[in-house]
Structure formats: C-alpha cells, structure tokens
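model this:
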Amino acid sequence: MKLFNSYDLAGLDLANRVVMAPMTRSRAANGVADVLTERYYSQRATAGLIITEGIAVSRQGTGYLFTPGLYTDDQGQAWRRVTDAVHAAGGRIFAQLWHVGRNSHVSLQEAGAAPVSPVARRAHGVQTYAWTAPGVPGHVATSAPRALATEEVAAIAADFVAAGRRAMQAGFDGVEVHGANGYLFEQFINGELNTRDDRYGGSMENRLRLLLDTIDGLIAAIGARHVGVRISPFGRLYDMHGYDDEAGTWLALAQELGKRNLAYVHLSDQRTLGADCDTSFFVQFRKAYAGTLIVAGGFDRDSAEAALQEGKADLIGFGQPFVANPDLVERMGHGWPLAQARRETLYGLHGATGYTDYPRHAAQEGAAI
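Residues are numbered from 1 along each chain as shown. From the prediction side, this is the model:
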C-alpha cells in the first residue's frame with residue numbers, strides 16, 4: 001500500500017506517509033515538556049512524521065493551561081530531550097508553533113493582561129481551559145481581547161522566528177506554523193472579523209500579510225525545507241464566520257505558498273470530511289499549490305490509501321487514533337483493531353494515565369504491510 005511507502009519530504013526521508021497530526025493534550029506543567037512528553041512522542045515514532053501539539057511562541061500566545069512553550073531556554077532544553085528520544089526511535093518530528101490570539105484568558109496572560117487579536121471583538125460562546133480561581137483549573141469563557149497596534153503585529157512574526165530558531169536548536173526536523181482553527185493567523189485572514197484599516201486589514205493582500213511575513217521570516221532564519229504551515233479553509237471554530245470571496249482568499253494563499261518551496265502545506269478539515277477530497281475548492285487548491293500536501297480529517301486506512309492513489313494528497317494526517325494507538329502504523333498495516341481513547345483523560349495533568357499507558361497490540365497473525 002502507498003500509505004506505508006517511504007516519502008522524500010524536502011530532503012527528509014520519511015519511513016511512510018502516515019503523519020501524526022498535532023493534538024493539544026495539556027500535559028506540560030509550567031509550560032515545559034517532561035519525561036512523559038518524551039515517552040509519549042517516542043512511543044509514536046513509527047509515524048512517518050510527527051507534528052507536535054501546539055507550542056506557544058510567547059506567554060501572550062498561550063491560550064490553555066499546561067500547554068508547552070518554546071520561548072525560554074528551559075523549554076528548549078526540554079524539547080531537545082523529546083527530539084532526541086524520537087530520533088533514537090527512528091522518527092521524524094516537526095514543532096507546531098502557535099499563537100492563539102483572542103482565544104485566551106487573563107489568568108494565562110502576563111500580569112493579567114487582555115488577550116490580543118486583530119480587533120477588540122470577543123469570541124462569542126467560546127471557552128478555554130484556564131484558572132477559575134488561584135490554583136483551580138477549569139473551563140471559563142475567553143476574555144475580551146484588545147486590538148494589536150500596527151507595530152505590535154510585526155513583533156509577533158518575530159516571536160515565531162525566534163521560536164523557529166529555538167526549535168532547530170532543540171533538534172526538531174522543522175516547524176509547522178499553526179495558521180488554522182480560528183487562532184491568530186486565521187483571525188487576521190478572516191475578512192468578516194478583521195476590519196482593521198492599516199496594512200494588516202481590509203484587502204485580501206493585507207489580511208494575508210501577517211502569515212506570509214511570518215513564513216518568510218522563518219524561511220530566512222531556518223530554510224524553506226524546514227517550514228510547513230497548517231490551514232483550515234472555511235473553518236468555523238471559535239466564532240469564525242464566512243466572508244466575501246472566502247474561496248478566493250484561500251486560493252490566493254495557496255498560490256503564494258506555492259512560490260515559497262515549503263516543506264509542506266497541511267490542510268485541516270474541521271468537518272472530518274477529509275476522506276472526501278472531491279469538492280471543487282479542493283481540486284482548485286490542489287492545482288494552485290503544487291508542493292507536498294498533507295490532508296487530515298476523518299481518514300481511516302482505506303480512505304487514506306484511496307486519497308494517495310488518486311493523487312489528492314501526498315501524506316495523510318491522523319489525530320485521535322494516535323492517542324490510544326502508539327503503534328497505529330503497525331495496526332493499520334496488519335489490519336489489527338484500533339483501541340479507543342478514554343475521553344476523560346484526553347486533557348489535563350493525569351500523569352501517565354491516558355497518555356503513555358496505552359499498550360501496543362499483542363503480536364498476532366495479520367496481513368503484512
């Protein structure tokens with residue numbers, strides 16, 4: 001099967017075309033990866049490529065409790081231990097760099113500051129995982145954000161570049177810019193939300209500027225072959241709404257990304273309809289962006305193989321199946337049943353429980369890969 005064939009990712013040899021998609025787990029006390037983080041990722045190193053959970057590029061970019069960062073030396077050293085463990089197990093790993101924008105809470109921000117966004121508009125009906133009282137974690141409504149000043153926007157791009165440099169020093173094979181799921185970059189791209197009247201708002205070119213400037217800064221700092229980006233066209237997470245020429249915006253972005261010789265573009269389908277890559281938009285996107293394309297969203301082994309065989313994607317992302325199946329590649333290859341994740345331990349500081357205690361499938365007869 002093509003799913004289990006090797007792949008050349010911008011000079012990085014992947015053992016197969018299975019990608020472990022990024023998944024927040026909220027397991028990093030004090031924002032620092034630990035020995036369980038090492039074990040979690042190294043257990044899953046048979047994936048052709050691991051993309052980490054979102055890693056905050058700054059304190060300002062943090063939107064959930066116990067998520068790791070990559071903006072201090074301690075954080076970088078901790079991630080070095082993770083990448084060493086993954087590489088020792090034969091894996092490849094990219095760091096997903098993250099700024100949540102308005103999807104945060106004052107209890108997570110430096111000195112209780114307001115979260116930041118393109119405009120001072122709160123995400124309606126959206127909750128995050130923060131401090132409900134001192135020392136008491138829980139789900140709370142996101143706080144009202146403030147609009148970033150023009151000069152502050154470029155500073156955020158610089159935070160991504162600094163985190164990208166730190167990621168490479170920590171031994172990552174590359175970085176993925178998190179431009180999806182209603183977080184900061186998508187807040188700028190969205191024409192209904194972003195009503196700014198400076199160089200970062202209004203026109204399509206202006207709304208795409210922050211993401212492209214950030215990617216260009218990373219390319220200059222660490223090289224295009226070490227840079228990927230995740231986007232979620234037509235995403236509606238976290239109070240994101242439709243806007244005029246939405247398809248045209250994403251296709252314009254596809255063309256711009258195609259000029260940059262990135263490691264890959266990663267499409268996240270929030271509707272979990274990734275197995276259906278026949279929409280006219282998807283076909284147009286595939287034509288506009290000719291580089292390596294990862295698609296994630298609701299795939300199983302057979303639908304992933306079909307997408308690869310038909311040339312609709314080059315690599316396939318799997319998310320939740322990797323939680324309870326550290327040996328997902330082997331299970332799919334042999335047709336072994338998949339374990340189900342325990343939802344009550346998906347997030348939060350539960351120690352090894354629901355994190356590194358999922359067993360591999362017992363050896364048994366099965367069809368060879």
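
any buried residues in the lowest-mean-pLDDT helix or strand in the chain, and which?
For the chain, the helix or strand with the lowest mean confidence is helix 280-288, at a mean of 87 (criterion: mean pLDDT, DSSP states H and E). Across helix 280-288, burial judged by 16 or more other Cβ atoms under 10 Å covers 282, 285, 286, 288. All C-beta atoms are positioned from the backbone trio N, CA, C, and that covers glycine.

which parts of this structure are helices?
Secondary structure of the chain by DSSP state H: the helices cover 35-43, 73-88, 150-169, 184-189, 204-222, 246-258, 280-288, 301-309, 321-324, 328-334.

any idea which of these scores lowest on pLDDT?
With a mean of 87, helix 280-288 has the lowest mean pLDDT of those.

sorry, back to before: deepest in the core, which of the helices of the chain is it.
Across the helices of the chain, the average number of neighbours (mean count of other Cβ atoms under 10 Å) peaks for helix 184-189, which reaches a mean of 27.

what's the spacing between it and its chain's center?
Centroid separation for helix 184-189 versus its chain: 14 Å, with Cα atoms, centre = their mean, to the nearest Å.

which residues sit against it?
Residues from elsewhere that reach helix 184-189, judged by Cβ atoms under 8 Å, 6 or more residues apart in numbering: 61, 99-102, 116-118, 156, 177-180, 193-194, 200-201, 207-211, 214, 231-232, 235, 240, 249, 253.

picking that back up, need the buried residues of helix 280-288 in CSV (columns: distance to residue 82).
Converted to CSV, the buried residues of helix 280-288 look like this (distance: Cβ to Cβ, whole Å):
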residue, distance to residue 82
282, 34
285, 32
286, 33
288, 35
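
now, which of those residues sits nearest residue 339?
residue 282 (30.9 Å; Cβ to Cβ).

quick one: the closest one and residue 312 touch, right?
Yes: at 7.3 Å, residue 282 and residue 312 qualify as touching, with contact defined as Cβ atoms under 8 Å.

and residue 336, how many residues sit next to it?
Using other Cβ atoms under 10 Å, residue 336 has 20 neighbouring residues.

nearest spatial neighbour of it, skipping sequence neighbours?
Excluding its sequence neighbours, the residue lying closest to residue 336 (Cβ to Cβ, 6 or more residues apart in numbering) is residue 361, at 4.8 Å.

which phi and psi does the nearest residue to residue 250 once chain neighbours are set aside have?
Excluding its sequence neighbours, the residue lying closest to residue 250 (Cβ to Cβ, 6+ apart) is residue 233, at 4.1 Å. Main-chain dihedrals, residue 233, degrees, to the nearest 10: phi -50, psi 140.

what's the local residue count around residue 233?
Neighbourhood size, residue 233 [other Cβ under 10 Å]: 21.

is it true that residue 1 touches residue 305?
Yes: with contacts counted by Cβ under 8 Å, residue 1 reaches residue 305, the gap being 5.3 Å.

anything in contact with each of the two?
Counting by Cβ under 8 Å, 6+ apart, no residue touches both residue 1 and residue 305.

surely residue 351 and residue 35 touch.
No: counting by Cβ under 8 Å, residue 351 does not reach residue 35; the two are 11.0 Å apart.

residue 288 against residue 254, yeah?
Yes: counting by Cβ under 8 Å, residue 288 does reach residue 254; the two are 3.8 Å apart.

find the nearest non-adjacent residue to residue 269, please.
Excluding the flanking residues, the one nearest residue 269 by Cβ to Cβ, 6+ apart is residue 297, at 3.1 Å.

tell me the pLDDT of the one you found.
Reported pLDDT for residue 297: 86.

what about it, neighbour count?
21.

please report how far it lies from residue 38.
Applying Cβ to Cβ, to the nearest Å, the value for residue 297 to residue 38 is 28 Å.

and what of residue 217?
In this structure, residue 217 and residue 38 are 29 Å apart, going by Cβ to Cβ.

how about stretch 98-115: buried residues?
Neighbour-count burial for stretch 98-115 flags 98-109, 114-115 (criterion: 16+ other Cβ under 10 Å).

also stretch 135-142?
For stretch 135-142, the neighbour count (16+ other Cβ under 10 Å) marks 137, 140, 142 as buried.

check contacts around the first one.
Right, residue 137. 65, 66, 129, 130, 131, 348.

7 Å instead?
Neighbouring residues of residue 137 by Cβ atoms under 7 Å, 6 or more residues apart in numbering: 65, 129, 131.

just the pLDDT for the residue lying closest to residue 113 once chain neighbours are set aside.
With Cβ to Cβ, 6+ apart as the criterion, residue 113 has its nearest non-adjacent residue at 6.8 Å, and that residue is residue 106. For residue 106, the pLDDT comes out at 97.

return the member of the buried residues of helix 280-288 nearest to residue 223.
residue 288 (23.3 Å).

that closest one against residue 256, yeah?
No: Residue 288 is beyond contact range of residue 256, at 9.4 Å (criterion: Cβ atoms under 7 Å).

measure residue 209 to residue 361 for me?
48 Å.

please apply the same query to residue 59.
Taking Cβ to Cβ, one finds residue 59 at 41 Å from residue 361.

likewise residue 164?
Using Cβ to Cβ, residue 164 is found at 36 Å from residue 361.

on that earlier part again, tell me which other helices or strands the least confident helix or strand of the chain touches.
Under the contact definition 3 or more Cβ pairs under 7 Å, 6 or more residues apart in numbering; DSSP states H and E, helix 280-288 sits against helix 246-258.

please enumerate residues in contact with the helix it packs on?
With Cβ under 7 Å, 6+ apart, helix 246-258 has contacts from 189, 191, 204, 208, 212, 229, 233-234, 265, 281, 284-285, 288-291.
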